[in-house]
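**Q** what follows is a predicted structure for the sequence shown.
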Amino acid sequence: MTRVSLPKDAILIELRPESLTFETRTCLLPGTVVSFTLVMEGRPLTLHVPVDACFVTEKDRLGYIYRPRVALDQGSAADQRVVALFIEKGRGEPGLKPAAAPKG
């Protein structure tokens, strides 16, 4: 499996307990592991989860716009509970950013 960082132009579209969808101009093939930080109520949660599907949503003069969906249910049970609790509480907007580079 290939591991990549979240594209810099990624915009969060949808967050569900089992999946997260974002928009980007980068095509990420299913099976690619994406590393990113999901920020919920100001607290970062770093995830490394596989792309489940990648949809082409439109094409403009700059090229294609994709909506990769990552499978949060492929992460740890603890991370899944944190995401589900955040969604259940319904407070605040989640944020999305590339994961910090590993130290060393």
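**A** Perfect, I can see it now.
**Q** name the residues that touch stretch 43-63?
**A** Stretch 43-63 has contacts (C-beta atoms under 8 Å, 6 or more residues apart in numbering) with 1, 3, 19-20, 23, 25, 27-39, 64-72, 74-75, 79, 82-83, 99-100. Heads up, the C-betas are built off the backbone N, CA and C, glycines and all.
**Q** for that stretch, the distance to its chain's centre please.
**A** 7 Å (C-alpha atoms, centre = their mean, to the nearest Å).
**Q** may I see the buried residues of that stretch?
**A** Neighbour-count burial for stretch 43-63 flags 45, 47, 49-52, 54 (criterion: 16 or more other C-beta atoms under 10 Å).
**Q** if we can go back for a sec, now, which of the contacts of stretch 43-63 lie within strands?
**A** Judged by DSSP state E, strands contain the following of the contacts of stretch 43-63: 3, 19-20, 23, 33-39, 64-71.
**Q** can I have the buried ones of the residues you listed as a ChimeraX selection?
**A** The buried residues among the ones in strands among the contacts of stretch 43-63 can be selected in ChimeraX (16+ other C-beta under 10 Å) with this line:
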select :19,20,23,33,34,35,36,38,39,65,66,67,68,69,70
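**Q** shaky segments in this protein?
**A** When residues are selected by pLDDT under 70, those of the chain lie in 1, 101-104.
**Q** starting at the chain centroid, how far to stretch 85-93?
**A** Offset of stretch 85-93 from its chain centre (C-alpha atoms, centre = their mean): 17 Å.
**Q** oh, I was asking about stretch 34-50
**A** The answer for stretch 34-50 is 7 Å, by C-alpha atoms, centre = their mean.
**Q** before we move on, what about stretch 92-102?
**A** 9 Å.
**Q** how about it as PDB, C-alpha atoms only?
**A** What follows is stretch 92-102, C-alpha atoms only, in PDB (Å, rounded to 0.1, in the frame of the first residue of the first chain):
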ATOM      1  CA  GLY A  92     -18.400  23.000  16.100                       C
ATOM      2  CA  GLU A  93     -17.100  22.400  12.600                       C
ATOM      3  CA  PRO A  94     -14.400  19.800  12.100                       C
ATOM      4  CA  GLY A  95     -11.200  20.800  10.300                       C
ATOM      5  CA  LEU A  96      -8.800  18.900   8.100                       C
ATOM      6  CA  LYS A  97      -5.100  19.400   7.600                       C
ATOM      7  CA  PRO A  98      -2.000  17.400   6.500                       C
ATOM      8  CA  ALA A  99      -0.500  15.300   9.300                       C
ATOM      9  CA  ALA A 100       2.700  16.600  10.800                       C
ATOM     10  CA  ALA A 101       5.900  15.100   9.300                       C
ATOM     11  CA  PRO A 102       7.400  12.400  11.500                       C
END
